[in-house]
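Asker: got a predicted model here, sequence first, then my questions.
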Amino acid sequence: MSALRISFADGTLLLEGADAHEALLGSLMARDVRVGCHRAKALHYAEILRRLHAAKLPYEDLARRYEVLTLDERHPRPLRPYQSQALASWLAARKRGVIVLPTGAGKSYVALRAILACARTTLILAPTIDLVQQWVADLGARLMIPIGQYGGGEKRLETITVATYDSATMFMPFYGDRFGFLICDECHHLPAPVTALAAECAVAPFRLGLTATPERLDQGHDKLSELLGAEIHRSHIHELEGNFLSNYQVEVIEVSLDSDEQESYQKNRKEYLAFARKSGVDFGAPSGWMNFIAAASRDPAGRQAMRAYREQRRLARSSRAKLRALWGVLCEHPGERSIIFTDDNETAYTIGRSLVLPVLTHHTKPAERGAMLAAFRSGVVPVLVTSRILNEGIDVPEAAVGVVVSGSGSVREHVQRLGRLLRPAAGKMAMLYEMVSSGTAEAYTSERRQRHAAFGHEEMSWEEQGADDAD
Amino acid sequence: MLTRDLLRWRVSGEQVLPTLLRMTPGQITLCQQLIDFYQQMIGSRRREVAEQLVLLQHQTRSLVVARGLSHILDSAATYREPGDSVALRSQAFAVSTRLLARPLADGDAHGAAVAAELGLDLATLRERLYSDLPDAAVLEACERFTPRTLIEHYNLGLCQGLLLGASELQVTITGAETAVRRRILRALRWRRLLAEIRQEPEGGLTLSISGPASVLDGASRYGLQLALFLPELATLPRWQARCAIELPRRQGRGTMELGDATGLVRAVANPGYVPPEFAQLTAGLSERLAPWTCEDPALISLRSGEVVVPDLQLRHGGDGRIQAVELFHRWHVHALERRLGQVAEGQLPGLLIGMDRALAKSPRGKELALHPAFVSHGFLFSEIPTARALGERLRTMPGSQAR
């Protein structure tokens, strides 16, 4: 019997001489006639080795190319109790698993301690370039070593590298053997079909997922367990508020549309709903919205209905009354670091033009984006308008006021937006304002996104939430 | 390639039939209207193009078709990026921040005060503050389509869009010249696709094309590579392709069959994707390796039915010896190992084997570089081989095949 040999190829493992090990490894591999041997997901590297060890079978491991590191932290600080618990749970779970902590609770510091405990070549994945740059700067300062970056025009691998999920899906077929430890920040992004490749094509035996909101409507959170390990720690926002997170208040501001806008809103809403009824569209059904689009594209009346739908939505999101109310909030908090959130770019730029405020969207070029964030953090510019780009991860500890001018019904989005304001500071009381156009469908959307303990409501099951949350 | 929202198909039993456009008078008129529209809009901003286009699209019988055709035209159009307003924004925000410390009565008064300090009126400031967004780019040029070429692009893009949901493609090629087949098979390799290739007794080729991990799950992760490969098939005189596809918007699964009878046309010239550096190498080889001349490589069929697809073929001007060359990049480690085994068994006496240094640096690559067949028949290169390295290997090659 020839010895089993395991090598890394194209984001998978090739297992030569595995014919005799079908009983042991059959569930993890498949015969590939194109290459004349067995193939397995790189993801299963650790489990394959574990089974071979347990069965005391010899093998030759050519797959592993990661290194053992010697790392030192510049100014270590004590972990908070919940951080210690999270780290201990992860270590006990063979250095695999998902840690759920509210935004602002110090997930990245837990990750740093995990890197030190693991001491292997490490890859950290984050959803946006801004977050990647934040990780690079933070780890570089704490570990005093060059940190690699992949994404946003950079292609630099180091013993510790930070990359976007998008970049990782492209390079993992080549470099998936180089990392022993994989950290996925905001890991609720990972289960999306293409993004999952970033974890599937990596051999890393040690894995850590970080998120405040792991649940996904498409049940993708079940896949997180396969890709990173089971959820091994969860702290809730209300458990940490006041001690480790800033105190906060949430205030809903109801605004009444001006009479002409109210009239136009009602007229347009009536028109598109009448068309939907006539076409047999049930918006309560999972495919309701798709059916409406399909029906609307078929004839001129449908296209008019679509225009009516867009107009009533625009009025609810960015009416003159909302702009006046927003100005009122800014006047109440002069000089305070404030983030204004909208659901779409159009509303963000409408506010930016009207009140001469900086707007940060995916259209903002990298240099200006960096300058805007730096100016905001330093207080040179105290107000930023954004659609969704600052929803996640970006560290703006000074922000104390948030204004949700418009948003989806997504609980996750609303919790993440609140999280932007919760970095603790002495005497800080964060304020999250939510503007709702009364007498419009926004009231229903607002009620849906507040179904979370963070807003003093019973949490809604993820199945109840509707389609707004899908990635 | 058409995006998912623009795809049209119908389902008959388990068959998925792409709704291809035909050269009917109605479609020709629609295509001509859209082509003319883009020509007329040269010099307009992207926002104006989009607004006007919507009106035109809404006059058509099928909005999805009109949007699909527009997508093809817009993808081939050139827009000039607007000059940026960063400096104005920087000044305006500095003033706005200062004034926000002691806010005025309302937002309009605030905006007007900022504008006044910058020497502008409020309307001008609002107009110019974010005038560098993508919507403000100016349409500069459009590719010259005819209704026929536009429909050809549309039909190919439609089938490519549906192929995004495929995990594997079963292809039969008949009646193509050897050079054409070689080009197809080489395109597969450059796209990092794997194929089981069989030479049929009657002369055809069958290929099961997919990516490395396709044996592990049915995921359509190689759909993009398969879609990009489709235009190569569209250049062949006789071919059939069959694949199981996952339909967009979770509308189930089905089987799609395409072939020369589908009428797909690869509208872009220069078929057969080959990196430009490689094309440059082959163009200059005959001159630099004289008396060797570079020619189209022939496929080499092994007894097992497997087909070897050399990347280069060189013929000696004096004694007529033929030397084929096959290149292995970092994603070909296992194919290289198998090929070295075949060379060692004497199945491929006239084959030189090139190994990319990126592959040679890997643990397995280091081992393979010591394989007796590589020592006698191999050479190293970085990305693309050089004429010098090839010439060196040719000089020391023992017993090349003579024809």
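Answerer: Right, received. Where do you want to start? Quick caveat, the model's predicted, so the values are computed rather than measured.

Asker: from here on, just use CA atoms for contacts and neighbour counts.
Answerer: Will do.

Asker: my guess is A:Asp258 meets A:Ala321, correct?
Answerer: Yes - between A:Asp258 and A:Ala321 a contact is recorded at 6.6 Å, counting by C-alpha atoms under 8 Å.

Asker: out of these two, which sits in the more crowded spot?
Answerer: Taking neighbours as other C-alpha atoms under 10 Å in any protein chain shown, A:Asp258 and A:Ala321 compare with A:Ala321 leading, 18 against 13.

Asker: in contact with that one, which residues?
Answerer: A:Val255, A:Ser256, A:Leu257, A:Asp258 (C-alpha atoms under 8 Å, 6 or more residues apart in numbering or on different chains).

Asker: just give me the neighbour total for residue 164.
Answerer: This is for chain A. With neighbours defined by other C-alpha under 10 Å, the count for A:Thr164 comes to 24.

Asker: not what I meant, chain B
Answerer: Counted by other C-alpha under 10 Å, the residues lying close to B:Leu164 total 24.

Asker: name the nearest residue to it, sequence neighbours excluded.
Answerer: Once its chain neighbours are removed from consideration, B:Leu164 has its nearest residue in B:Gly223; the separation is 4.0 Å (C-alpha to C-alpha, 6 or more residues apart in numbering or on different chains).

Asker: okay, now the unreliable bits of chain B?
Answerer: Using pLDDT under 70 as the threshold, the predicted model of chain B has low-confidence ranges B:179, B:218-220, B:267-276, B:304-305, B:398-403.

Asker: max-length strand in it?
Answerer: As far as residue count goes, and with DSSP state E defining each element, the longest strand of chain B is strand B:238-246.

Asker: contacts for the next helix or strand after that strand, please.
Answerer: Beyond strand B:238-246 on the C-terminal side, the first helix or strand identified by DSSP states H and E is strand B:253-259. Contact with strand B:253-259 is made by B:11, B:14-17, B:234, B:238-247, as judged by C-alpha under 8 Å, 6+ apart.

Asker: now which of these would you call buried?
Answerer: Neighbour-count burial (16 or more other C-alpha atoms under 10 Å in any protein chain shown) applied to the contacts of strand B:253-259 gives B:16-17, B:234, B:238-247.

Asker: what is the nearest of those to A:Glu154?
Answerer: Using C-alpha to C-alpha, B:Glu246 is the member of the buried ones among the contacts of strand B:253-259 that sits closest to A:Glu154, with 34.5 Å.

Asker: let me see the contact set for that closest one.
Answerer: Residues near B:Glu246 by C-alpha under 8 Å, 6+ apart: B:Gly165, B:Ala166, B:Ser220, B:Gly252, B:Arg253, B:Gly254.

Asker: between those residues, which has the most around it?
Answerer: The most crowded member of the contacts of B:Glu246, judged by other C-alpha under 10 Å, is B:Ala166 (30 neighbours).

Asker: isn't that one up against B:Tyr222?
Answerer: Yes - proximity of B:Ala166 to B:Tyr222 meets the contact threshold set by C-alpha under 8 Å, at 7.4 Å.

Asker: check contacts around the closest residue to A:Leu62 other than its chain neighbours.
Answerer: Spatial nearest neighbour of A:Leu62, excluding adjacent residues (C-alpha to C-alpha, 6+ apart): A:Ser7 at 4.7 Å. For A:Ser7, the contact set (C-alpha under 8 Å, 6+ apart) comprises A:Leu13, A:Leu14, A:Leu15, A:Asp61, A:Leu62, A:Ala63, A:Arg64, B:Arg364.
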